[in-house]
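>>> Let's see this in three dimensions:
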Amino acid sequence: MERPCLSRRHALLIPATAAGLGGLAACGPEDEGFGTAEPLRADDGEIPLEEIPENASTLVNFGGQQPFVLIVRGTGDDLVAYSGYCTHNGCALRQEEEAELDCPCHGSRFDAETGEVLRGPATRQLPDVEVAGVYGTVRRVR
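Next up is the predicted model:
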């Protein structure tokens with residue numbers, strides 16, 4: 001059963017018990033509640049380009065403090081990438097449909113191809129993330 005994420009205002013009302021802390025843990029950026037689409041894992045910091053489908057968007061976990069990146073691939077090695085975190089409150093996004101990303105915390109939705117906000121409370125589009133395709137692999141440029 002998926003737990004709803006809490007606003008900071010409501011979280012302050014929860015006593016510091018195991019149940020209260022468990023509710024807060026469900027909302028952090030490490031949350032991997034990506035719905036039906038599991039993010040690809042780039043455990044060694046890169047992922048084969050062939051694992052990212054053409055003309056689609058894919059969530060990739062590159063590890064580190066802000067691991068989730070949305071990579072949008074056109075044809076060939078045409079790539080753009082965005083942060084995989086909601087601009088409203090920093091929750092990890094999930095890909096419900098190919099064309100949209102959903103924030104499980106407060107319901108913001110983003111266009112998976114452009115990073116534009118489709119529904120708030122978020123008001124800013126997803127920030128660009130620099131990625132590079134080198135020798136058939138994709139890696140995040142830091």
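>>> use CA for all of it now, contacts and neighbours both
OK.
>>> Nearest the middle, which residue of this protein would you pick?
Of all residues in the chain, the one closest to the mean position by Cα atoms, centre = their mean is residue 84, 2.6 Å from it.
>>> my read: that one touches residue 70, true?
Yes: using Cα atoms under 8 Å, residue 84 makes contact with residue 70 at a distance of 5.4 Å.
>>> my read: residue 79 touches residue 71, true?
Yes: at 6.7 Å, residue 79 and residue 71 qualify as touching, with contact defined as Cα under 8 Å.
>>> circling back to that earlier point, could you report the pLDDT at the residue nearest to the centre of the chain?
Reading off the confidence values, residue 84 has pLDDT 87.
>>> What residues does it make contact with?
Applying Cα atoms under 8 Å, 6 or more residues apart in numbering to residue 84 gives the contacts 59, 68, 69, 70, 92, 93, 126.
>>> Residue 57 too?
For residue 57, counting by Cα under 8 Å, 6+ apart, the contacting residues are 70, 71, 72, 73, 98, 99, 112, 113.
>>> Buried only: go through those for me.
Neighbour counting with 16 or more other Cα atoms under 10 Å marks 70, 71, 72, 73, 112, 113 as buried within these.
>>> Can you list the residue ranges for strands in this protein?
Here the chain has its strands, by DSSP state E, at 40-41, 46-48, 56-61, 68-73, 79-83, 94-97, 100-102, 109-111, 117-119, 131-134, 137-140.
>>> Confidence-wise, which of those strands is weakest overall?
strand 94-97 (a mean of 71).
>>> For burial, what's the neighbour tally of residue 131?
Neighbourhood size, residue 131 [other Cα atoms under 10 Å]: 18.
>>> How much space separates it from residue 55?
Computed with Cα to Cα, to the nearest Å, the distance linking residue 131 and residue 55 is 17 Å.
>>> Can you report how many residues lie near the closest residue to residue 77 other than its chain neighbours?
Using Cα to Cα, 6 or more residues apart in numbering and skipping residues adjacent in sequence, the residue nearest residue 77 is residue 133, 6.9 Å away. Residue 133 has 17 neighbours, counted by other Cα under 10 Å.
>>> and if you look at the one 3 residues further on?
In terms of burial, residue 136 registers 11 neighbours under the definition other Cα under 10 Å.
>>> Ok, the one 5 residues further on next?
Residues lying near residue 141 (other Cα under 10 Å) number 10.
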